[in-house]
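A.B. asks: just need the structure, nothing else, for what follows:
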Amino acid sequence: MRREFELGPEDVRALEALGLPWETIRSSAVRWILIHEHPIPPGYNHATATVAIRIDTYPPGIIDMAFFHPALARADGKTINNLSQLTIDGRPFQQWSRHYAWRPGVDTLATHLRRVRGWLNHEFRKR
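C.D. replies: The predicted structure follows:
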């Protein structure tokens, strides 16, 4: 796994706690964390995906959104809102445009990853 830039110890611990392969890369001058084989809840077209997290000014700046490869779709055929496509590291990723109020000094990569899992689960609570 590539480690093209360093993360803080708290973020490394959070990633290691997942028990999944991960790497840090630079693609098109942007820093990314790629988490491979991330479990996707039942109801989607894939059981696992690579999750990309864009790390621009973090820390201390915010993290928002998540990017998935391969693209996710609901198995029931219902539409997932606010999606677009972006190429990262030469592969197409599906951007989930989700924003929230970042709490400086409170939110971290770990809290963001919990939110991403929440977005995946919440998708099926929509009508």
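A.B. asks: hmm, who's touching the helix or strand harbouring residue 16?
C.D. replies: Using DSSP states H and E, residue 16 falls within helix 9-18. Here helix 9-18 makes contact (Cβ atoms under 8 Å, 6 or more residues apart in numbering) with 7, 22, 33, 35, 38, 108-110, 113. From N, CA and C alone the C-beta is placed, and that goes for glycine too.
A.B. asks: list the buried residues in it.
C.D. replies: Within helix 9-18, the residues that qualify as buried are 11, 14-15, counting by 16 or more other Cβ atoms under 10 Å.
A.B. asks: select the longest strand from the chain.
C.D. replies: In the chain, assigned by DSSP state E, the strand with the most residues is strand 30-39.
A.B. asks: what helices or strands is that one leaning on?
C.D. replies: Contacts defined by 3 or more Cβ pairs under 8 Å, 6 or more residues apart in numbering; DSSP states H and E place strand 30-39 against helix 9-18, strand 22-27, strand 48-54.
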